[in-house]
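A.B. asks: Sequence and predicted structure are below.
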Amino acid sequence: MFIAGLVTFALDSFLFGVIAGERTCPRVWTETTVAAGMLGVGSLTLFTGLAWLIAGRSEFESPLQFIRVTAYGLSLVTVGQLTVTAHDYLRDVRPEGTYPWLDWLVRAWSALIALVVVGHAFAPRLRYKAHRAVNHAAYLGIAYVLSCALIFGLLTAVDRSYWADGVSPGVFIAAALLSVMLPGLVVVVQLMAFPSATVAVRPPVAPTLPASREPSPPHGKPPAGEASVGSESPSAVGRPADNIE
């Protein structure tokens with residue numbers, strides 16, 4: 001998780017550096033929708049990694065609970081911020097009165113993600129799948145970052161004359177939907193990988209066999225617990241003459 005968070009923040013800082021030097025306003029807005037979701041996803045990734053660092057120590061149960069609550073709050077804030085960013089983007093680049101269904105679709109998806117986050121916080125979960133979900137969350141986070149980098153590169157490679165007349169409908173529709181849907185999906189997977197306060201990571205303990213299933217000693221040899229010091233049998237100790245012979 002920390003590797004995924006490092007990749008996310010490192011690439012996102014580069015994307016915002018490129019945005020800071022842009023001079024074409026429609027392209028800046030479109031690029032910002034791509035880079036905005038990476039901030040929330042990267043922050044949640046670091047919280048998930050931090051939670052797993054302390055999940056195996058019982059004395060850290062209270063800090064783990066605090067991190068867990070903070071992560072759920074951060075998830076809701078991320079979804080809300082991405083929704084507002086998408087609405088602001090559509091308000092500035094979309095012709096007025098066109099494609100009203102975009103607003104409803106963005107709101108419906110954001111509301112669905114928020115309900116999943118709240119339900120995941122309070123509903124019982126299958127704890128044993130959290131370890132497997134960590135791998136899925138890390139790989140999905142890196143895949144999301146690489147996808148954002150590819151989309152950002154395509155937007156940057158387009159000539160400035162393409163943006164002279166504003167943003168085409170196909171571009172702002174895809175940008176508005178993907179900027180909310182992809183991060184929302186990653187957020188849900190991240191929360192599934194988040195350990196609860198009752199999860200403890202302990203080393204495996206060797207199973208003990210019941211007394212009836214303990215292996216019997218080989219024929220003619222006494223059990224290990226009955227062997228005397230010096231590997232001498234009790235009969236040999238009791239007959240010193242035989243020992244001399």
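C.D. replies: Everything's here; your move. Keep in mind that this is a model prediction, so the values were computed, not measured.

A.B. asks: Look at residue 28 and say how many residues are nearby.
C.D. replies: 16 (other CB atoms under 10 Å). In this view, the C-beta of every residue, glycine as well, is placed from N, C-alpha and C.

A.B. asks: Excluding chain neighbours, what is closest to it?
C.D. replies: Distances taken as CB to CB, 6 or more residues apart in numbering place residue 22 nearest to residue 28, at 4.4 Å, with adjacent residues excluded.

A.B. asks: Check residue 194 too.
C.D. replies: residue 48 (5.3 Å).

A.B. asks: tell me what the strand or helix carrying that neighbour is packed against?
C.D. replies: Following DSSP states H and E, the helix or strand that holds residue 48 is helix 25-54. For helix 25-54, the packing partners by 3 or more CB pairs under 8 Å, 6 or more residues apart in numbering; DSSP states H and E come out as helix 2-20, helix 61-93, helix 130-157, helix 169-192.

A.B. asks: Poorly predicted segments of this protein, please.
C.D. replies: 56-60, 124-131, 196-245 (pLDDT under 70).

A.B. asks: Quick check: can you list the domain ranges of it?
C.D. replies: With domains defined by automatic domain parsing, the chain comprises 2-192, 215-244.

A.B. asks: picking that back up, now do the helix holding residue 48 against helix 2-20, angle only.
C.D. replies: Per axes from the mean of the first three to the mean of the last three CA atoms, to 10 degrees, the angle that helix 25-54 makes with helix 2-20 is 160 degrees.

A.B. asks: follow-up on the earlier one: surely the residue nearest to residue 194 meets residue 2?
C.D. replies: No - between residue 48 and residue 2 there is no contact under CB atoms under 8 Å: 9.2 Å.

A.B. asks: Next, work out how far apart the closest residue to residue 30 other than its chain neighbours and residue 137 are.
C.D. replies: Leaving aside its sequence neighbours, residue 30 sits nearest to residue 175 (CB to CB, 6+ apart; 5.1 Å). Using CB to CB, to the nearest Å, residue 175 is found at 25 Å from residue 137.

A.B. asks: Residue 71 too?
C.D. replies: Distance, residue 71 to residue 137, by CB to CB: 12 Å.

A.B. asks: shared neighbours of those two, which are they?
C.D. replies: residue 48 (CB atoms under 8 Å, 6 or more residues apart in numbering).

A.B. asks: what's near enough to touch residue 42?
C.D. replies: 5, 8-9, 12.

A.B. asks: can you list those in CSV and add distance to residue 162 and neighbour count?
C.D. replies: Shown next, in CSV, are the contacts of residue 42 (distance: CB to CB, whole Å; neighbours: other CB atoms under 10 Å):
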residue, distance to residue 162, neighbour count
5, 34, 23
8, 28, 25
9, 30, 18
12, 25, 22
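
A.B. asks: Between residue 71 and residue 137, tell me which one has more neighbours.
C.D. replies: residue 137 (26 against 22).

A.B. asks: so how far is residue 191 from the nearest residue to residue 171 once chain neighbours are set aside?
C.D. replies: Once flanking residues are discounted, residue 171 sits nearest to residue 30: 6.4 Å by CB to CB, 6+ apart. Distance, residue 30 to residue 191, by CB to CB: 28 Å.
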